[in-house]
Structure formats: structure tokens, C-alpha cells
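>>> Generate coordinates for the sequence data below:
(2 chains)
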2 protein chains.
Amino acid sequence: MSAPHRRRRPPGDRGGGEGDALGGEQVEGRRAVRELLVAGRRRVRQVWLAEEAGPSPVLREIASVAAARRVALRTVSREQLGAVARTDSHQGVVARAEPVPEADLDELCQTTGPPPFLVGLGGVTDPHNLGAVLRTALGAGATGAVLPRHRAVHLTPAATKAAAGAVEHLPVAVVPGLPAALRVMRDHGVWTVGLDAAGRQSIYGLDLVTEPVVLVLGSEGTGLSRLVRERCDVVAVVPQHGPLGSLNVAAAAAVGCFEVARHRSGA
Amino acid sequence: MSAPHRRRRPPGDRGGGEGDALGGEQVEGRRAVRELLVAGRRRVRQVWLAEEAGPSPVLREIASVAAARRVALRTVSREQLGAVARTDSHQGVVARAEPVPEADLDELCQTTGPPPFLVGLGGVTDPHNLGAVLRTALGAGATGAVLPRHRAVHLTPAATKAAAGAVEHLPVAVVPGLPAALRVMRDHGVWTVGLDAAGRQSIYGLDLVTEPVVLVLGSEGTGLSRLVRERCDVVAVVPQHGPLGSLNVAAAAAVGCFEVARHRSGA
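Okay, here's the model as predicted:
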């Protein structure tokens, strides 16, 4: 295998997640690569470690799990790693793997365990926000996420880095359009709760979140689209203080998801 | 005034916030610059707008408020703006201003309005995380933030961008060390609540948050330091689901701050 900086990449392949596919082929950063290897849900093609990365328990664990799984592991210079990395925050480790498999929307609505708790994202374009939302959702007990196929960021290297391994565990469905997907979810008995600065009902104490529910978040700039808003059973708001009046989408997702978790736990 | 890309910058001046000072001299991005001008809390020296930025209500508002406040406004090429900008996400606008004034810790503990609600950060190093925490804290009704002078990021351009204007409103005190500051706060009757993945008490329903309180968050990698943990009246946790076991510091701050807000609102 040639050194990573000489590797030829077809035009447009920047590590997955830029186009209509879900992506996730390139994973960067210690937590994300560790979780990719430990979860073992998809085949890992190659792991590159920077030789100057220094001793680190996580890097040692990555090397040992890669060896156990017979994944090709190459130690390269920091310069070579920088040439193959797509983020500035690779922390000395980059992996290439099969894409993250897409989940089926109907299956996400029909779990046999606790009532489905889904997160729908209506056009998030910043990969850090997408990754942060997926990580937070998983930590709050979400059972799946739903992303639109077009005009939304998918699992780019920056998104998988920010997700810190959450993409290895949280099923993600990619749908042609979020409004139609909300109709499908409602047909499965899932309550659709939009979260928007213009919502008229407080997110706190929404009793319906103990039932099957999808929490729907809009894009960074403009919130929920009109069509998505119309398809929601409830449009709720995180009550704001101060002069700014709105939250970043990742912060809104954190508050919303953990409010569902709190309410379901009875706390 | 010469074009921004020819401006000489003393060594180490990368827009403020990299050293021991609080910083905030360079502000980038539409929301952040708009709020800098509208709040009017500190003198703005110059605003640069990219001529190719296109029509935008926020940019028009920035131009009109800058004119009303007699702030020098220069339209430059996108290339020139890129040369003066310190982030990739300047959205066509960069401003230079006086540094954000540092707040006094004792005054933060003695507000006459609602009970103080402070956020203490024990060594956050990612400017996006710092900015996100400040924005979220303000939205949750926090009355101030406390940062250590050393070994922590301050108000770099990336931090003020992520804060989206929150630094113009939320008082920030910079202290020699967080453990000593926690003792000062306790002496003022402020409850110290650490937030950590290893906390033994759930953050939900902590009744003391209706009294004067500081919510203390640790660094991205290692959480609360031993000394900070020992100085806390309570170390609480956001109960986690899933295999990852911890939240990003900005997400933990969002859940913690809005739990204080929810509890104080009686919801």
C-alpha cells in the first residue's frame, strides 16, 4: 500500500458524507476511531497513526484492537497523516472504513424495547452540529436519527469526529424529504414534536414524550421549515432568557433530548 | 487606514484571547458583529465587510448601526477579508473592538436581582466549546461566567463567533485559579455544583439551584480536576444512556444550565 499522501482519491471523494449518501467512510480522532474499532459494526479498511503522536492509552487501545481485528495499521509521519486527514483535529489517528449503513425508517418506528425516541434533523449544514447532535441524542437514549437525503450535511469526517463514535451505535435513516417522513412516522403512531424558537408550548413537561416520539430540529439559520412545522403535532420551545433569543441547534437538541430522557425517567 | 491584509499585527496578536487576557478584540460572523454593535458596551474600532457578501438583512443592519455609531466601515474584497479574518466562518464580516471588559468576581456573587447563577469553566481549551457554553448559559438565564486566567482558552475570534454575541451581555470574570474562586463564591453564599460524568447525584431536581449557584464544568478531556471536585458542595451527573458514557462539555453545559432554568421556573 502506498503512503497515504500519495493515495489517489476519485474527484469528489473527500471522506464521505458530502453528497447524497450517508457517508462515514473516513473517521478521524481518537474517540471516534476507537469506537469504530470496538463496536465492530462495519469493516475497517485501514488505520493510520501518526508516529509522533506520543504515548496515549487510547492510541494503544486503538493499535491493540486493530491488531485483534486484523485491520491494517500503518504508522506514518504527522505530515503524511495531515495529507490524508480531512479535519484539523484528527488527534494523530485516521481510519477508512465501509460507509455507515443506512437504517430503515419503518424499522426505527417499530422497536420492541422502550418506545422509539427519534431525532429528525431538517437541514443541518454544519458537520460539527450534526455530529454533536448525534452524540448527544445517543447519550439521552435516542433510538435513531432521521436525516434528509438532500441539502443537509451527512457523515463527513468532521461530523464523525464530533459524534465521537455515536455513529457506530445510533441507527440513522436517510429519507427523501423530512415532511413525508414525518407522515410515515405519524402513521406508525410516533408523536412529532418540533423544536423551534417560535414554538408556543414549553418543552418542559410534555407528557407525550413518554410515548413513541420524534424530536424535530430545523436548520441552523432559519429553524423549522413551514412544511415541517405544519406536519408536527406540537411545536415546542426551550424557554429563553437574555437578549439573544435562540439557541444553537446542537444546544437545543441537547436540552430537548435530555428533557425527553428526564421525563421518561420520571425525575 | 491601509487595507486589512497589509495591517501590521504585533507578534502574538491573533485577535485576542490566546494569552492570559480575556480578549474579544476581534469579532467575526454576522450575529456576533451585529450584537457587538447593537449592545454598544465597548468601543468598536473598525468593521470590514466583504463586497461580495451579497444582500443580507443582517449585513444591512450591521452597516446601518455602524453608521449611526460612527464606526469606520470598510468594504473590502473577500480575499482581503480572508487575510484579516482568523476563522473560516466569518460570513463576510469582521470587526475590531476594545477587549471585552473583565467582570469582578465579588460583584458577580452579589447581584440584587434574581439569585446569582454562574457558570465556572475549569480549563476548556476548544474555543468553539467556550463560545457555545457562553451562548447557552446566557440563554438559560445565567448571570455570569468564571474562567481561569491560565491554561484555558479565552475570547479568541472562534470563541466570540460561537458565542454569537453572548460576550456582549454575559459578564465574565477571569480568576487566577478556579479552586480559590470557588472558595470565594462559597464565602458569598453561592452553592458550588460540579458537573461530571463521575458525579453520584443526578442533576435533575437539585433543589439548591434555586438559591445562588455556580455550575462548574471541567475540561474536554478529563472533566473536573481533583481540587475543583473537592471544593464542590455537590458533584452531579447528567444521567447517560448508551455506550459512550459522557457528553461533550458544551452539551453538558446546555443540559445543566437549562435544568437550573427549568427548576427555577417551577416547570
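>>> quick one, helices of chain A?
With DSSP state H as the criterion, chain A has helices at A:30-39, A:57-68, A:78-84, A:105-108, A:127-139, A:157-163, A:178-187, A:226-231, A:249-265.
>>> Now render those helices as TSV, adding mean neighbour count, distance to B:Gly92 and mean pLDDT.
Quick note: C-beta positions are derived from backbone N, CA and C, even for glycine. Below are the helices of chain A laid out as TSV (neighbours: other C-beta atoms under 10 Å in any protein chain shown; distance: least, C-beta to C-beta, whole Å; pLDDT from 0 to 100):
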stretch	mean neighbour count	distance to B:Gly92	mean pLDDT
helix A:30-39	23	32	96
helix A:57-68	15	39	93
helix A:78-84	17	29	93
helix A:105-108	17	38	97
helix A:127-139	28	20	97
helix A:157-163	29	22	96
helix A:178-187	19	29	97
helix A:226-231	16	27	96
helix A:249-265	25	21	97
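>>> what residues does chain A put near chain B?
For chain A, the residues in contact with chain B (C-beta under 8 Å from any C-beta of the partner chain) are A:35, A:39, A:128, A:132, A:135-136, A:138-141, A:162, A:164-166, A:169-170, A:202, A:204-205, A:238-248, A:250-251, A:254-255, A:258-259, A:261-262, A:265, A:267.
>>> now do 7 Å
Neighbours of chain B within chain A, by C-beta under 7 Å from any C-beta of the partner chain: A:132, A:135-136, A:138-141, A:164-166, A:169, A:202, A:204-205, A:238-244, A:247-248, A:250-251, A:254-255, A:258, A:261-262, A:265, A:267.
>>> List the contacts of A:Val38.
A:Val65 (C-beta atoms under 7 Å, 6 or more residues apart in numbering or on different chains).
>>> give me that answer again for 10 Å
A:Glu61, A:Ile62, A:Val65, A:Arg69, A:Gly165, A:Glu168, B:Pro243 (C-beta atoms under 10 Å, 6 or more residues apart in numbering or on different chains).
>>> How about the fifth one, nearest residue that isn't a chain neighbour?
Distances taken as C-beta to C-beta, 6 or more residues apart in numbering or on different chains place A:Glu35 nearest to A:Gly165, at 2.5 Å, with adjacent residues excluded.
>>> Return the distance of that neighbour relative to A:Glu25.
As judged by C-beta to C-beta, to the nearest Å, A:Glu35 and A:Glu25 stand 15 Å apart.
>>> cool, A:Ala63 as well?
Computed with C-beta to C-beta, the distance linking A:Ala63 and A:Glu25 is 21 Å.
>>> A:Val100 too?
Using C-beta to C-beta, we find A:Val100 at a distance of 8 Å from A:Glu25.
>>> Same question for A:Glu52.
25 Å.
>>> What of A:Gly177?
Distance, A:Gly177 to A:Glu25, by C-beta to C-beta: 25 Å.
>>> more crowded one of those two?
The residue with more neighbours, out of A:Gly177 and A:Glu25, is A:Glu25; 23 against 15, by other C-beta atoms under 10 Å in any protein chain shown.
>>> and that one, what pLDDT?
We have a pLDDT of 97 for A:Glu25.
>>> these two touch, right, it and A:Val167?
No: with contact defined as C-beta atoms under 10 Å, A:Glu25 does not reach A:Val167; the gap is 11.3 Å.
>>> Need the residues touching each of those two.
Joint contacts of A:Glu25 and A:Val167 (C-beta under 10 Å, 6+ apart) are A:Gly17, A:Arg42, A:Val100, A:Leu155, A:Thr160.
>>> Mind picking the one among those that's closest to A:Cys232?
Using C-beta to C-beta, A:Leu155 comes nearest to A:Cys232 of these, at 25.6 Å.
>>> Would you enumerate the residues in contact with the closest one?
A:15-18, A:21-27, A:99-100, A:127, A:130-131, A:134, A:147, A:163, A:167, A:172, A:174.
>>> Domain boundaries for chain A, per the record?
A:26-97, A:105-265 (automatic domain parsing).
>>> ok now the longest one, how far from the chain's centre?
When you say that, I think you mean domain A:105-265. Chain-centre distance of domain A:105-265: 11 Å, with C-alpha atoms, centre = their mean, to the nearest Å.
>>> Contacts only, for the residue nearest to A:Gly245 when sequence neighbours are not counted.
Leaving aside its sequence neighbours, A:Gly245 sits nearest to A:Ala197 (C-beta to C-beta, 6+ apart; 6.4 Å). A:Ala197 sits next to A:Gly218, A:Gly223, A:Leu224, A:Val237, A:Val238, A:Gln240, A:Leu244, A:Gly245, A:Ser246, A:Leu247, A:Ala252 when contact means C-beta under 10 Å, 6+ apart.
>>> again, but for A:Leu247
For A:Leu247, the contacting residues are A:195, A:197, A:237-238, A:240, A:253-256, B:132, B:135-136, B:138-140, B:164, B:254, B:258, by C-beta under 10 Å, 6+ apart.
>>> before we move on, back to that, which of the contacts of A:Leu155 are buried?
When the contacts of A:Leu155 are checked for burial by 16 or more other C-beta atoms under 10 Å in any protein chain shown, the buried set is A:15-18, A:21-27, A:100, A:127, A:130-131, A:134, A:147, A:163, A:167, A:172, A:174.
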